[in-house]
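J.: Structure for this input, please:
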Amino acid sequence: MNDTADTLMRGIAADAPFRIAVVRTSTLVQEACRVHALALGGAEALARALTGLSLMAVMDKDWYRLSAQWIGRGPLGTINVDVRSPGSVRGYLTGGGYIGPVSAGLEGGTLSVIRQKEGGQYAQGQAELVSHDVDGDLEGWMRQSDQLGTVLRVLVHDWVEGQPRSVTGVMVQELPGADRGDLEGAVSSSLLDRSLTPQGLLEELAASAAPGLGTIDWLGSTPLAWDCGCSAARVERGVKLLGVAEIDEMISLGEEPEVRCEYCATVYRMDLAALRRLKAELLAAG
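T.: Down below sits the predicted model:
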């Protein structure tokens, strides 16, 4: 495996009641910044959101999709991130032009998280933004939702022209049976304050971030990639939901709708011939 590839690794401490996940998301974050023309505050906020939610994928072995929405009251606006099995990651924010500190960009607001299984079952939870720094708010949500001690930090480094070139993340969570207070002693202070500079393999990052865990038994890894999953076919299905009457009105007015995907900024254009085809398909289906 490429040592610099975007990857999520998960494991458990051999001699302590903790599990750990480490992740590298440098390439997909760079693509997100390019697609959305982000720099500085907006780039770091989305980097923390994309990376933090990727770490949360280890919570449930049956997960299919995780979605999170930070609804802030500051200039960063709303951050939306979606992670789908086996490792597709996408996201956007509404305040893409923001260049200041992340915490000042979110201010107050709420965090909403949806966990979905392959069969369609899902669970949704919501919490107030407490730390206002994106990854810390995910940590708080997990502490509240799972009732287990959790540390989650995203490390964003090597800035070039306002965009990060190195993005990694670490999540350490108690397992049942852990004593209260053990978690704080297991992780390094440099992880907690995000001053840790990641170097080398993800296993080395784990050792530096959580030295108190000792030996870690690694259970598996998942490649990650920036992947939206939108398509012209999906757009057509959405237009069909408008019904024959509304499609017919667009045809009569000569309208050729454009649909822009918020996640990947792709613009889909539908000409009159396509509208007539969709109308005919709806009429044929009865």
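J.: Next, the buried residues of stretch 63-77.
T.: Residues 63-72, 74-77 are the ones in stretch 63-77 that count as buried (16 or more other C-beta atoms under 10 Å). Every C-beta, even on glycine, is put in place using the N, C-alpha and C of the backbone.
J.: and that stretch, how far from the chain's centre?
T.: 8 Å (C-alpha atoms, centre = their mean, to the nearest Å).
J.: Any idea which helix or strand in this protein has the lowest mean pLDDT?
T.: helix 182-186 (a mean of 88; mean pLDDT, DSSP states H and E).
J.: Could you give me the buried positions within that helix?
T.: Neighbour counts over helix 182-186 (16+ other C-beta under 10 Å) mark 183, 186 as buried.
J.: what's whichever helix or strand comes after it packed up against?
T.: Note on helix 182-186: by DSSP states H and E, the next helix or strand toward the C-terminus is helix 189-192. Contact partners of helix 189-192 among helices and strands, from 3 or more C-beta pairs under 8 Å, 6 or more residues apart in numbering; DSSP states H and E: strand 150-160, helix 202-209.
J.: can you give me the strands in the stretch 101-250 of the chain?
T.: With DSSP state E, counting those that start in this stretch as the criterion, the stretch 101-250 of the chain has strands at 109-117, 122-128, 150-160, 163-174, 216-223, 225-226.
J.: Just give the nearest non-adjacent residue to residue 232, would you?
T.: Once flanking residues are discounted, residue 232 sits nearest to residue 268: 5.5 Å by C-beta to C-beta, 6 or more residues apart in numbering.
J.: which helices and strands sit right next to the helix or strand that contains that neighbour?
T.: According to DSSP H and E, residue 268 maps onto strand 267-269. Counting contacts by 3+ C-beta pairs under 8 Å, 6+ apart, strand 267-269 is packed against strand 258-260.
J.: Enumerate the positions of the strand it packs on that are buried.
T.: residue 259.
J.: What strands line up against it, and which way round?
T.: Here strand 258-260 is paired, per DSSP bridges, with strand 267-269 (antiparallel).
J.: I'd like the average pLDDT over the partner strand.
T.: The pLDDT scores in strand 267-269 average 94.
J.: do the same with stretch 197-214
T.: For stretch 197-214, mean pLDDT rounds to 95.
J.: what's the answer for stretch 61-70, then?
T.: Here stretch 61-70 scores 91 as its mean pLDDT.
J.: so where does the residue lying farthest from the centre of the chain fall, helix or strand?
T.: What lies farthest from the middle of the chain is residue 252; by C-alpha atoms, centre = their mean that is 41.6 Å. Using DSSP H and E, residue 252 maps to helix 244-253.
J.: just residue 19 next, same as before
T.: Using DSSP H and E, residue 19 maps to strand 18-24.
J.: Pull that strand out as PDB, backbone CA atoms only.
T.: In PDB, the C-alpha atoms belonging to strand 18-24 read as follows (Å, rounded to 0.1, in the frame of the first residue of the first chain):
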ATOM      1  CA  PHE A  18      -9.400   1.400  24.000                       C
ATOM      2  CA  ARG A  19      -9.900   1.400  20.300                       C
ATOM      3  CA  ILE A  20      -8.100   3.700  17.900                       C
ATOM      4  CA  ALA A  21      -8.500   5.000  14.300                       C
ATOM      5  CA  VAL A  22      -5.900   6.900  12.300                       C
ATOM      6  CA  VAL A  23      -6.500   8.400   8.900                       C
ATOM      7  CA  ARG A  24      -4.700  10.300   6.200                       C
END
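J.: what's in contact with that strand?
T.: 4-13, 51, 54-55, 57-58, 167-175, 178, 182-183, 186, 202-203, 205-206, 209-210, 213, 216, 224 (C-beta atoms under 8 Å, 6 or more residues apart in numbering).
J.: what sits against residue 283?
T.: Taking C-beta under 8 Å, 6+ apart, we find residue 283 in contact with residue 244.
J.: sorry, back to before: these two touch, right, the residue nearest to residue 232 and residue 239?
T.: No: if you go by C-beta atoms under 8 Å, residue 268 and residue 239 don't touch, sitting 9.6 Å apart.
J.: what residues are shared contacts of the two?
T.: residue 259.
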